[in-house]
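1. Starting from these lines, generate the structure:
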Amino acid sequence: MKAEQIIKKTLQAALVALMLLPAGAFAQSQDFEKCGSAKRITCVVDGDTIWFEGEKIRMMGYDTPEPTTNICGGQREIDLAIAASDRLLELLNENQFTITRDGKDKYGRTLAVVRIGGVDIGDILIGEGLARNWPDGAEFWCE
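-> Below you'll find the model as predicted:
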């Protein structure tokens, strides 16, 4: 086989491999802010939900305390919810990340895993005591 043919076959194989990658497999970066009352484009709702380029995404595999609704743990839960949201905002703004989508939930949100350097962002928050495994982890902030 000639060198030209080898190069052509290699490029074709690489192109096919790229097409087979899941959507969002490429590292991305974006400027996030906390969501407010304005139209939500790219912002952090709370520690486990974001808007990214107009798409509402609920991260899978973990859960964080609620900052405003369904509060079971009083001020402790609210404080922890704010800390989880702040940390998620920091992680997203200071790192490149990937998003692997996995369908929609009953509320129409995209379900996804967000990773930084191959590490699930939920595992980072769980490791820092800001989140719980979901659906099996106890809501320790309610105790």
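2. Near residue 138, how many other residues are there?
-> Neighbour count of residue 138, defined by other C-beta atoms under 10 Å: 9. No exception for glycine: its C-beta is placed from N, CA and C like everyone else's.
3. Stretch 40-56 spans what distance, first to last residue?
-> Using C-alpha to C-alpha, to the nearest Å, one end of stretch 40-56 lies 9 Å from the other.
4. Then stretch 121-133?
-> Terminal residues of stretch 121-133 are spaced 12 Å apart (C-alpha to C-alpha).
5. What ranges does this structure have for its strands?
-> For the chain, strands defined by DSSP state E occupy the ranges 33-34, 43-46, 49-52, 55-59, 62-63, 98-104, 110-116, 119-120, 132-133.
6. For the third one, the averaged confidence score.
-> Model confidence over strand 49-52 averages 96 on the pLDDT scale.
7. could you check the angle strand 110-116 makes with whichever helix in the chain runs longest?
-> Longest helix in the chain by number of residues (criterion: DSSP state H): helix 74-94. Here helix 74-94 runs at an angle of 70 degrees relative to strand 110-116 (axes from the mean of the first three to the mean of the last three C-alpha atoms, to 10 degrees).
8. Take the strands of the chain and write them to TSV, including mean neighbour count and distance to residue 140.
-> Formatted as TSV, the strands of the chain follow (neighbours: other C-beta atoms under 10 Å; distance: least, C-beta to C-beta, whole Å):
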stretch	mean neighbour count	distance to residue 140
strand 33-34	12	24
strand 43-46	21	17
strand 49-52	22	20
strand 55-59	19	18
strand 62-63	22	11
strand 98-104	15	26
strand 110-116	19	22
strand 119-120	15	19
strand 132-133	16	6
